[in-house]
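**Student:** Here is my input, please return the structure:
(2 chains)
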Amino acid sequence: MKAADDAVSGDEPTMPNGSGAAAVLAAGIGSFALAVLAIAGDKSAIAKSGLVFYTPTGPLSGVTTMAILTWLLSWATLELRWRKRTVAAGAMSALAIVLLGLSLLLTFPPIADLF
Amino acid sequence: MEITTRALFTLIHGMGFGALYLLACSGALVELYRFATATAPSDSTQGQERFLKGYLMTMVVLAWAAVLSGTYVIYPWYRAAAPAGTADLSMFPQRLLMANPATIGWHSLGMEWKEHVAWLVPISITMVAFVFARYGRELRNQRRLRTAVLGFAVASFVAAGVAGFFGAMINKYAPVQGGDAIQLSSGGER
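**Tutor:** Just a heads-up that it's a prediction; the model follows:
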C-alpha cells in the first residue's frame, strides 16, 4: 500500500489542485452544517419552527435545504478563489475528513442528545 | 396480488434508488481505488475513464433521487399525525412505532439517524464524481485529493448502509400503507 502510494505520487501533478480541494472542503463544510442544523432543529424550539420549510416534512425540510445551500455556497466561493491555484491540499483534505467524521458522529442520536 | 401506491413509492425509494446505490457503491469503491492508484498509464484507458465518470454520475442521480423521494414523498406519510382517539395506528407508522416500548427505538434511534445521515450520501458522491470528472487519471498524481475522495466515497457507502438498514427494518415493523390499490395479478388458488 505504502509502496503503491509512493509509486503513484511520484509524478508531478500537471493540474492545480485548488478546484479539487475546494470541492472536498465544501463537502466537509456542507456535511458538518447538516449535523449542526439537525441538532439545532431537534433541541431549539425556535430553530425547529423556523426550519419548517415544507409542513408535511417538518423541520427536516429546512435542515436539509439550509445544509445544501451552505454546501453549494461554500463550494462556489472556494472554487472561485482556488480554481487556478495550488493549495495545501493535505490540510484541506484532513479538515474535510474531520468535518465528515464529526458529521457522522453528530447525526447519531445518542451523541446528538448530549447537547 | 396487489400493492398500494404508497407501498409502491416506498419500494421505488428503497429498492429502486437506495439498494441500487449501495450495489453501485461497492463497485465504485473498488474501481476508484484501482483507477486512482494504477502505477502505469496503460493500466486504465480513456474508455475506462469515461465509463467510470458515467458510472459515478449515475450514482449521483440515484443518491439524489433516494433522498429527495424519501424526504418529500415517503417521510410525510411516515410522520403523519393520527387524529385524537385513533385506535388503529397502522396508517401512521411513526405513531405505531412509538406506541410500543419494543419498537420505539426503531423511530427514536433508527429514523432519527436515517433521516439525517442519508443526506451525507448525495453531498459526498456529488463531490467524488465532480473531482473524478475534473481530474480523471491526474488523481494518481494528487495523493491527498485522492485520499479525501476515497474517504468520502467510503463514508457515502456507510451512510447509505445505515439509511438502508433502518429503512428496511422500520418498514418491516411499521410499513407505509395507504393510497389506491394497484392490481398486479389476479391469480387464482392453486
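
**Student:** Run through the strands of chain B in chain order.
**Tutor:** In chain B, the strands defined using DSSP state E lie at B:2-4, B:181-183.

**Student:** closest one to residue B:172 among those?
**Tutor:** strand B:2-4 (16.0 Å; C-beta to C-beta). In this view, the C-beta of every residue, glycine as well, is placed from N, C-alpha and C.

**Student:** other SSEs contacting that closest one?
**Tutor:** If contacts are counted by 3 or more C-beta pairs under 8 Å, 6 or more residues apart in numbering or on different chains; DSSP states H and E, strand B:2-4 sits against strand B:181-183.

**Student:** which regions of the chain sit below the pLDDT cut-off?
**Tutor:** Went with chain A since none was named. Flagging of chain A using pLDDT under 70 yields the residue ranges A:1-11.

**Student:** wait, chain B
**Tutor:** By pLDDT under 70, the low-scoring segments of chain B are B:39-44, B:188-190.

**Student:** Apply 80 and report the result again.
**Tutor:** B:36-45, B:186-190 (pLDDT under 80).

**Student:** Where is the longest helix in it?
**Tutor:** Counting residues, the longest helix found in chain B (DSSP state H) is helix B:143-173.

**Student:** Mind checking if that helix is in reach of chain A?
**Tutor:** Yes - Helix B:143-173 comes into contact with chain A (C-beta under 8 Å from any C-beta of the partner chain), by way of B:143-145, B:147-149, B:151-152, B:155, B:158-159.

**Student:** need the helices for chain A, in chain order.
**Tutor:** According to DSSP H, the helices that chain A contains are A:2-8, A:18-43, A:45-50, A:59-82, A:89-106, A:109-112.

**Student:** Packing partners of the longest one?
**Tutor:** With contacts defined as 3+ C-beta pairs under 8 Å, 6+ apart, helix A:18-43 has these neighbours: helix A:45-50, helix A:59-82, helix A:89-106, helix A:109-112, helix B:112-117, helix B:120-135, helix B:143-173.

**Student:** Nearest to residue B:84, out of those helices?
**Tutor:** With C-beta to C-beta as the criterion, residue B:84 lies closest to helix A:45-50 of the helices and strands packed on helix A:18-43, at 21.8 Å.

**Student:** Tell me the buried residues in the longest helix of chain B?
**Tutor:** Using 16 or more other C-beta atoms under 10 Å in any protein chain shown as the test for burial, helix B:143-173 gives B:143-157, B:159-160, B:162-164, B:166-167, B:170-171.

**Student:** Stretch A:105-115 too?
**Tutor:** Within stretch A:105-115, the residues that count as buried by 16+ other C-beta under 10 Å are A:106-109, A:112.
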